[in-house]
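Trainee: Here's a sequence, model it:
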Amino acid sequence: MTATKRMRTEKICVLGILTALFVALSMCLRVPVFDNFYVCLGYIAMYMAMALYGITGGLVVGTLGTAIYCLLISGLRGLPGWLVGNVAISIILGLWMLITRDLRHNWKWNVATILIVILATAVGMLIFKPITEVILYAQPMWARIITNFPAFITDTIVLCGSIPLYKILEPNIPKTVKTEA
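Mentor: Residues are numbered from 1 along each chain as shown. Got it, this is the predicted structure:
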């Protein structure tokens, strides 16, 4: 097997494992915030995928993980909005991860990344997800933004919490897994 083919196979395996982790964290570790709303810890796996593989990693883990989770929990209800929101987060944050791949070990990068997480999550959860829901369910935009605001807050907190977690785990990740996207 050639080195390139092995790296692609490894990447597919890692993304599959992270997708399964997204689903497991989302389903098994449900942290209730208030009536019928839970913190989605699956975003930890999505962050890991973006840190390793940029946009591609985030898109694969974020969309497949969300699709599997939503189909298992509630069928198609809410699925389109969550998918579109996660695509926006993956593109913005994944692009940041690719651009800053060599600058990840200083406090300025941490502060900038937190700001990018807030921006990406706001765009995904407060713009693209509500627009999708307005189109599909014909509800007012303001109502969808208010409804999605708790998701914006909790998803931002989980993604920001993933930054130090990744830094702790990074030394144990084999170099062959950390390839260019």
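Trainee: List the buried residues in stretch 138-148.
Mentor: For stretch 138-148, burial by neighbour count (16 or more other C-beta atoms under 10 Å) applies to 144-145, 148. All C-beta atoms are positioned from the backbone trio N, CA, C, and that covers glycine.
Trainee: Could you do stretch 154-170 as well?
Mentor: Quick answer for stretch 154-170 (16+ other C-beta under 10 Å): 154-156, 158-160, 162-163, 166.
Trainee: how about it as CSV, C-alpha atoms only?
Mentor: Output in CSV follows, covering the C-alpha atoms of stretch 154-170 (Å, rounded to 0.1, in the frame of the first residue of the first chain):
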residue,chain,number,x,y,z
THR,A,154,-24.2,26.0,24.6
ASP,A,155,-22.5,25.1,21.3
THR,A,156,-20.1,28.0,21.7
ILE,A,157,-19.2,26.9,25.2
VAL,A,158,-18.6,23.3,24.1
LEU,A,159,-16.5,24.3,21.2
CYS,A,160,-14.5,26.7,23.3
GLY,A,161,-14.0,24.0,25.9
SER,A,162,-12.7,21.8,23.2
ILE,A,163,-9.7,24.1,22.6
PRO,A,164,-7.8,23.1,25.8
LEU,A,165,-9.0,19.5,25.5
TYR,A,166,-7.4,19.2,22.0
LYS,A,167,-4.2,20.8,23.3
ILE,A,168,-4.1,18.2,26.1
LEU,A,169,-4.7,15.3,23.6
GLU,A,170,-2.6,16.6,20.8
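Trainee: Tell me where this structure has strands.
Mentor: Applying DSSP state E to the chain gives strands spanning 31-34, 37-39.
Trainee: Show me the shaky parts of the protein.
Mentor: For the chain, the stretches flagged by pLDDT under 70 are 1-7, 33-37, 104, 176, 178-181.
Trainee: if I look at the residue most central in space within the chain, how far off is G75?
Mentor: Geometric centre of the chain, nearest residue: M46, 3.7 Å, by C-alpha atoms, centre = their mean. Separation of M46 from G75 (C-beta to C-beta, to the nearest Å) stands at 22 Å.
Trainee: Then V134?
Mentor: Relative to G75, V134 is positioned 20 Å away (C-beta to C-beta).
Trainee: between the two, who's got more neighbours?
Mentor: V134 (17 against 9; other C-beta atoms under 10 Å).
Trainee: which one is F152 nearest to, not counting chain neighbours?
Mentor: With C-beta to C-beta, 6 or more residues apart in numbering as the criterion, F152 has its nearest non-adjacent residue at 4.0 Å, and that residue is M125.
Trainee: quick check, distance from the longest helix anywhere in the chain to the centre of its chain.
Mentor: Counting by DSSP state H, the longest helix found in the chain is helix 141-169. Offset of helix 141-169 from its chain centre (C-alpha atoms, centre = their mean, to the nearest Å): 9 Å.
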